[in-house]
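Colleague: dropping the sequence and predicted coords here.
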Amino acid sequence: MLQQTTVQTVLPYYHAFLEVFPTVEALAESPLDAVLARWSGLGYYSRARNLKRAAERVVEEHGGSIPDDRERLQRLPGIGEYTAGAILSIAFSRREPVLDGNVIRVLARLFLLAGDPRKQPLRNVLWTLAARMVPADDPGDFNQGLMELGATVCAPRSPTCGSCPLATICGAGRAGRAGEFPTPQPRPVTVPVRLAAAVISSCRGFLMVRRARAGLLADLWEFPGGEIQRRGDAQAQLARLLLDRHSLRVTVGRELARFGHSITNRRMTVIAFEARLEGARRAVPPGSSWVDPGDIGSYGVSSMALKILAGVGRQRP
DNA sequence: AACGCGTGGTG
DNA sequence: TCACCAAGCGT
């Protein structure tokens, strides 16, 4: 959960998750949809699928015990160099380093290391430094302390060097150049996108569709709709979209919710419209289903769907 | 190696 | 409002 996600965001998810899946066996035996439901809103949903698969393999291949060596750990899905180091040092008290965004920042400033820290050759230099620094006694505490320093004092912007315990030995801090490290890297341009979604309700709930098995928000449920042109009649475009993509003939009504949403390099404006099916009530198209709003979390919906639902007021139709 | 993958906080 | 960044990993 903590991969690319802050502690504050993770904490409530973590506690709820452990309530439902208290053991590796419980996680391994639970349906994937139940796992995704507890992940709903946290993002990077591949992490949930990887975690579930890793639990299955720990049960099947390791007798239910987490491996305590780097080779076997990194063979589990979702566990890379960083996570293996975190598990080994924190859980098993092994003298193994961690290198995350926080440690990268602290080390780059301590040693005035310029360049892209995520690429070679600097990446190797940082791992070597981290490995040489970690002590044999309480390596987990040391690693967590290093990460915590980066998350609090040695912050990305406006670091508080005046209250830093490493101020006297920090190259960048002593030079008053902490803001120059690590070297900022160019980012891909963000593309503005406009999305329209249809909120179609009946006595059986909301009509939702399951996204493709691969790609963006893979396998998650959403309100039917998609990208529309910035110009033009949004309602008409949405009706055409539902007909083309889902063979749904609908009348689009009033706007229910509008909000901004960002995914990777896309900056989206999402507009949700009330809509109703035209003509005789037919079977819903394949991949779609009437969803009870009370069960919405059990379908692994994304935060986009949750925001739309909030706009609807979470009321049973 | 470079890119895709979510969401929330911050200045 | 918006760019930037976060306890990275898989392909």
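Modeller: It's in. Numbers count the residues shown, from 1 in each chain, chains lettered A, B, ... in the order given.

Colleague: what mean pLDDT does stretch A:249-259 have?
Modeller: For stretch A:249-259, the mean pLDDT works out to 90.

Colleague: ignore the last one, stretch A:80-93
Modeller: Mean predicted confidence for stretch A:80-93 is 95.

Colleague: do the same with stretch A:50-62
Modeller: Here the average pLDDT along stretch A:50-62 is 96.

Colleague: again with stretch A:192-204
Modeller: Rounded mean pLDDT across stretch A:192-204 is 90.

Colleague: the top strand by length along chain A and DNA strand B in contact?
Modeller: As far as residue count goes, and with DSSP state E defining each element, the longest strand of chain A is strand A:250-263. Yes: contact of strand A:250-263 with DNA strand B (CB under 7 Å from any atom of the strand) involves A:261-263. For the C-beta atoms, the positions are set from N, CA and C on the backbone; glycine is no exception.

Colleague: okay, the residues you listed in JSON lines with neighbour count next?
Modeller: Shown next, in JSON lines, are these (neighbours: other CB atoms under 10 Å):
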{"residue": "A:261", "neighbour count": "15"}
{"residue": "A:262", "neighbour count": "10"}
{"residue": "A:263", "neighbour count": "14"}
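
Colleague: which parts of the stretch 51-200 of chain A are strands?
Modeller: A:191-202 (DSSP state E, counting those that start in this stretch).

Colleague: show me what contacts whichever residue of it sits closest to DNA strand C?
Modeller: Residue of the stretch 51-200 of chain A nearest DNA strand C, by CB to the nearest atom of the strand: residue A:80 (2.7 Å). Taking CB atoms under 8 Å, 6 or more residues apart in numbering, we find residue A:80 in contact with residue A:74.

Colleague: quick check: it vs DNA strand B, distance?
Modeller: From residue A:80 across to DNA strand B, the span is 10 Å (CB to the nearest atom of the strand, to the nearest Å).

Colleague: the next helix or strand after the longest strand of chain A and DNA strand B in contact?
Modeller: Using DSSP states H and E, the helix or strand that follows strand A:250-263 in sequence is strand A:266-277. No: Strand A:266-277 stays clear of DNA strand B (CB under 7 Å from any atom of the strand), getting no nearer than 8.1 Å.

Colleague: over to stretch A:166-178?
Modeller: No: shown here: stretch A:166-178 not in contact with DNA strand B (CB under 7 Å from any atom of the strand), separated by at least 14.2 Å.

Colleague: that stretch: end-to-end distance?
Modeller: Distance between the two ends of stretch A:166-178: 12 Å, counting by CA to CA, to the nearest Å.

Colleague: and what of stretch A:179-195?
Modeller: Across stretch A:179-195, the terminal residues are separated by 37 Å (CA to CA).

Colleague: which residues are in contact with that stretch?
Modeller: A:104-105, A:108-109, A:112-118, A:157, A:159, A:172, A:225-230, A:234, A:261-262, A:265-271, A:304.

Colleague: my guess is residue A:85 meets residue A:97, correct?
Modeller: Yes: using CB atoms under 8 Å, residue A:85 and residue A:97 qualify as a contacting pair, with a distance of 5.5 Å.

Colleague: settle it for me: which of those two has more neighbours?
Modeller: Neighbours per residue (other CB atoms under 10 Å) separate residue A:85 from residue A:97, with residue A:85 holding more: 28 against 24.

Colleague: so who does the residue nearest to residue A:20 when sequence neighbours are not counted touch?
Modeller: Spatial nearest neighbour of residue A:20, chain neighbours left out: residue A:38 (5.8 Å); criterion: CB to CB, 6 or more residues apart in numbering. Each residue near residue A:38 by CB under 8 Å, 6+ apart is listed here: A:13, A:16-17, A:20-21, A:48.

Colleague: how about the helix ranked longest in chain A: buried residues?
Modeller: Under DSSP state H, the helix in chain A containing the largest number of residues is helix A:46-62. Neighbour-count burial for helix A:46-62 flags A:47-52, A:54-59 (criterion: 16 or more other CB atoms under 10 Å).
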